[in-house]
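A.B. asks: starting from these lines, generate the structure:
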Amino acid sequence: MSEPVLKIADEGRVRILTLNRPAQLNSMNDALYDACAVALMDAADDPGVAVVIITGEGRAFCAGQDLAEMADRPVYPKGERHGFVPFMEALESFPKPLIAAVNGLGVGIGLTMLPYCDLVFMDPTGRLRAPFVTLGVTAEAGSTVLLPALIGWANTAEVLYTGRWVDAPTAVAYGLAREVSEPGKVLDRAREAAALIAPNPIVSLVATKQLLTAARFDAVRAARLRESAVFDGLEGGPANLEALAAFREKRPADFSGL
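C.D. replies: Below is the predicted model of the structure:
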């Protein structure tokens, strides 16, 4: 029997979601997006869950979009919704405290999901990257609103325009992460934080998070719609096709003729 793409475990009132495609560095295909969306909705509705932790299996947190699937999109019956958009809707509306335990590299959505988390802890080996421009597309997940608000305009510009790696101490300095854990202890550190939150009344936790997120919700939703429209226009274009070809052929992309 094959392993599930998402592992779900309850520890008292804390639910742990573990992205489980370690051979693919926990990159997000539609199956994993869908599993995460369902798991978040289930946790939101479960009266026994007060806090959710999200982490990755193996040496990566999340390597972003599965580029093989990006190059060959699945086709679904008309009206079915799968993948990135339903996941984002579940993530942005998740009503309970959400903690990220970043156990390794986080690329693309592995970075842009973090501003939706209330607390982010990183292993010392953790590194983050937003390679959208280098892939011939553009930013996603409301990051054009959330990142400037969280880490400042200049830091956001550098992260998005260059696609450079952000190491764990820099992520903390930027305000993208709360702290760097001891080596190999990031999930334990997330559990410690969750243990301080979980005994509180869920009704109060939900009400407080709703108040915290209400001011930004409309702006983030509008940003996601703008980003999606521009992203869709760039996906499959010359720059994106060259980036994907370079990925498949394991060579540097050459945009000089575009």
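
A.B. asks: count the neighbours of residue 84 for me.
C.D. replies: By the measure other Cβ atoms under 10 Å, the count of residues near residue 84 is 18. Quick note: C-beta positions are derived from backbone N, CA and C, even for glycine.

A.B. asks: start the count at 47 instead of 1 going forward.
C.D. replies: I'll keep to 47 as the first residue from here, and by that count the last item is residue 130.

A.B. asks: any idea how far residue 155 is from it?
C.D. replies: According to Cβ to Cβ, to the nearest Å, residue 130 and residue 155 sit 8 Å apart.

A.B. asks: find residues that contact each of those two.
C.D. replies: Residues within reach of residue 130 and of residue 155 at once, by Cβ atoms under 8 Å, 6 or more residues apart in numbering, are 74, 111, 186.

A.B. asks: number of residues surrounding the first one?
C.D. replies: So that's residue 74. Residues lying near residue 74 (other Cβ under 10 Å) number 28.

A.B. asks: and for the one 10 residues further on?
C.D. replies: When neighbours are counted by other Cβ under 10 Å, residue 84 registers 15.

A.B. asks: now do the host helix or strand of it: which elements does it pack against?
C.D. replies: When elements are assigned from DSSP states H and E, residue 84 belongs to helix 76-91. Applying 3 or more Cβ pairs under 8 Å, 6 or more residues apart in numbering; DSSP states H and E, one finds that helix 76-91 makes contact with strand 52-57, strand 60-65, strand 97-102, helix 130-138.

A.B. asks: quick one: the strands in the chain?
C.D. replies: For the chain, applying DSSP state E gives strands covering 52-57, 60-65, 97-102, 106-108, 144-148, 151-153, 165-168, 173-175, 212-213, 225-226.

A.B. asks: now the helices and strands packed on helix 76-91 as CSV including distance to residue 123 and mean pLDDT?
C.D. replies: Output for the helices and strands packed on helix 76-91, formatted as CSV (distance: least, Cβ to Cβ, whole Å; pLDDT from 0 to 100):
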stretch, distance to residue 123, mean pLDDT
strand 52-57, 23, 98
strand 60-65, 27, 98
strand 97-102, 29, 98
helix 130-138, 15, 95
